[in-house]
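K.L.:
the sequence isn't on hand, but the structure is:
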């Protein structure tokens with residue numbers, strides 16, 4: 001189940017944070033005001049955000065499956081999100097990457113500047 005959540009969360013991050021340029025603080029602010037979906041919808045209709053695309057490639061490597069997710073955003077400092085941070089424990093979001101890294105995949109590797117991530121998991 002955690003693998004399914006992580007596979008769902010990483011593409012959402014690529015769209016919200018990558019292509020649509022929402023910062024962590026932006027998302028927090030919008031979620032607390034129940035305005036996140038309206039802002040996402042507005043940005044999806046507005047250039048330059050509406051012109052950006054995210055891609056997902058999936059391939060089997062022996063007994064593993066590799067997911068490569070890429071967006072057209074500026075990237076981000078992924079290092080600070082790879083593990084659980086107690087300072088974010090009560091935030092309304094921000095645990096998906098740590099969940100993916102610690103529970104869902106055998107490998108989670110970001111490429112600088114942070115707009116491409118490769119995740120591997122056992123195919124069983």
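P.N.:
Ah, there it is. Here the structure is a predicted model, which means the values were calculated and not measured.

K.L.:
please count neighbours and contacts with C-alpha atoms only from this point.
P.N.:
Will do.

K.L.:
show me what the helix or strand hosting residue 29 is packed up against.
P.N.:
Counting by DSSP states H and E, the element that carries residue 29 is helix 24-32. Judged by 3 or more CA pairs under 8 Å, 6 or more residues apart in numbering; DSSP states H and E, the packing partners of helix 24-32 are helix 36-44.

K.L.:
show me what counts as buried in the helix it packs on.
P.N.:
Under the neighbour-count criterion of 16 or more other CA atoms under 10 Å, helix 36-44 has 36, 39-40, 43-44 buried.

K.L.:
so how far is it from its chain's centroid?
P.N.:
17 Å (CA atoms, centre = their mean, to the nearest Å).

K.L.:
same thing with stretch 61-80?
P.N.:
From the chain centre to the centre of stretch 61-80 is a distance of 8 Å (CA atoms, centre = their mean).

K.L.:
and stretch 29-43, by the same measure?
P.N.:
Using CA atoms, centre = their mean, the offset of stretch 29-43 from its chain centre is 17 Å.

K.L.:
try stretch 108-116
P.N.:
For stretch 108-116, the distance to the chain centre is 11 Å (CA atoms, centre = their mean).
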